[in-house]
Structures are given as C-alpha cells and as structure tokens.
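In: predicted model follows, preceded by the sequence.
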Amino acid sequence: MSTSLQAVEPVLFYAFALLTCASAWAVVATANVVRMSVYLLLTLGGVAGLYFMMNAEFLAAIQLIVYAGGTLILIVFGVMLTSKNPFMQLKPKLSEVFVGGLIASCIGVLLLIALAGTALPPEAGLAAEGYDVDQIGRALLTTYLVPFEVSAVLLLIVMIAAAYMARVRAGDA
C-alpha cells in the first residue's frame, strides 16, 4: 500500500466512525419518524464504509443492499402506508428516557471494559482475509437455499400486507 493511502486511511476511518456514531445518536434523539429513517440510513452507510475499509466488500455490499436498500425502504413505506400521520412525533415518558439511558450507559461501560481488556498486537491487520465471494454465493444457492428463499418470501409477504392494510384504511376513510 502506498504511503499516500496510508495517510488517508485514518482520516477515512474517523470520518466513517464519526458519521456512524453521530447519526446513530440522532436516531435515538430525534422524535420524527421520517428523520429517524434518514439518520438510520446514514448510520448503515457509515457501517458499510467501515466494512469497505476492512476489505470486507461482500459484507459492505450486503449492508447497503439488504439493510440500507431493502429494510430501510420497507420501514419508510410501512410508516407512510400504515400511518395516518407519517410525520408523527414520538414523545417518550421521562421514565422511559431514564431507563433507556441507564441501559445504554451500562452497555457502554461494559464495551469500554471489554475494549480495555483486549490486547491487539501493534501490527494487527483488521482486513478480512480467507473468504471468497464465489464460495459465499455458492453456499447461498446450494446449502442455504431454503432459508434464503424463505426470507425472500417473508419480505414479500410483509410488503403485500402493508399495501393491503393501507388499501383497507383508505377504503374506510
């Protein structure tokens, strides 16, 4: 790897990490459901960028296609089709905010303890090695074909059900 790429790597890592953390925090902090979806998209995009930096191209592509592309669009359309007010505001009670903050703080402390207790060699490469996209594709279409197809059918059923629920509500109004 050239020295110019080595100089850019930390900057890209911190940019993706900052994007991921800030947008994840915004998902939790905002009350508007549509804005939450946009912040979630930014979070998932930042995680995909981190996967690309670790040379895990397959995981990054799956992250963008399945989560950012499929699941997030499903959430947005589900909210838009089934809600009478898609721009509704979520207003949690003070006790819910307190309990959620307490749980998040505990998990954060546990993660910091685990991180402090993990010794990485100075030259530890974080690149994903030893996997082949061709092998993953073959496994998905042979060994794991049934679960792969079941998940596809399940997503199709959810989309049809959301459209049906929206049609029924529109007919009642």
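Out: Here it is on my side, so go on.
In: from here on, just use CA atoms for contacts and neighbour counts.
Out: Noted.
In: which strands or helices does the helix or strand of the chain with the lowest mean pLDDT pack on?
Out: When each helix and strand of the chain is scored by mean pLDDT, DSSP states H and E, helix 72-82 comes last, with a mean of 70. With contacts taken as 3 or more Cα pairs under 8 Å, 6 or more residues apart in numbering; DSSP states H and E, helix 72-82 sits against helix 33-53, helix 145-172.
In: what lies in contact with the shortest one?
Out: Helix 33-53 is contacted from outside by 9, 13, 16-17, 19-21, 23-24, 26-28, 30, 57, 59-61, 63-64, 67-68, 72, 75-76, 86-90, 127, using Cα atoms under 8 Å, 6 or more residues apart in numbering.
In: quick check, distance from that helix to the centre of its chain.
Out: 6 Å (Cα atoms, centre = their mean, to the nearest Å).
In: and the angle for that helix with helix 72-82?
Out: 170 degrees (axes from the mean of the first three to the mean of the last three Cα atoms, to 10 degrees).
In: got a list of what Ile75 touches?
Out: Ser37.
In: ok, now how distant is it from Gly108?
Out: 27 Å (Cα to Cα, to the nearest Å).
In: Ala119 now?
Out: 19 Å.
In: please identify the deepest-packed of the helices and strands packed on helix 72-82.
Out: Of all the helices and strands packed on helix 72-82, helix 33-53 carries the top mean neighbour count, a mean of 21, counting by mean count of other Cα atoms under 10 Å.
In: so for the helix or strand just after it, what gets flagged as buried?
Out: Sequence-wise, the next helix or strand downstream of helix 33-53 (DSSP states H and E) is helix 57-62. Within helix 57-62, the residues scored as buried using 16 or more other Cα atoms under 10 Å are Glu57, Phe58, Leu59, Ala60, Ala61.
In: could you give the mean pLDDT of helix 57-62?
Out: Summarised as a single mean, pLDDT over helix 57-62 is 85.
In: what's the answer for stretch 5-15, then?
Out: 86.
In: distance from the chain centre to that stretch, please.
Out: Counting by Cα atoms, centre = their mean, stretch 5-15 comes out at 22 Å from the chain centroid.
In: circling back to that earlier point, show me which of the contacts of helix 33-53 are buried.
Out: If we count by 16+ other Cα under 10 Å, these have these buried: 13, 16-17, 19-21, 23-24, 26-27, 57, 59-61, 63-64, 67-68, 72, 76, 86.
In: now Ile107: how far from Gly100?
Out: Taking Cα to Cα, one finds Ile107 at 11 Å from Gly100.
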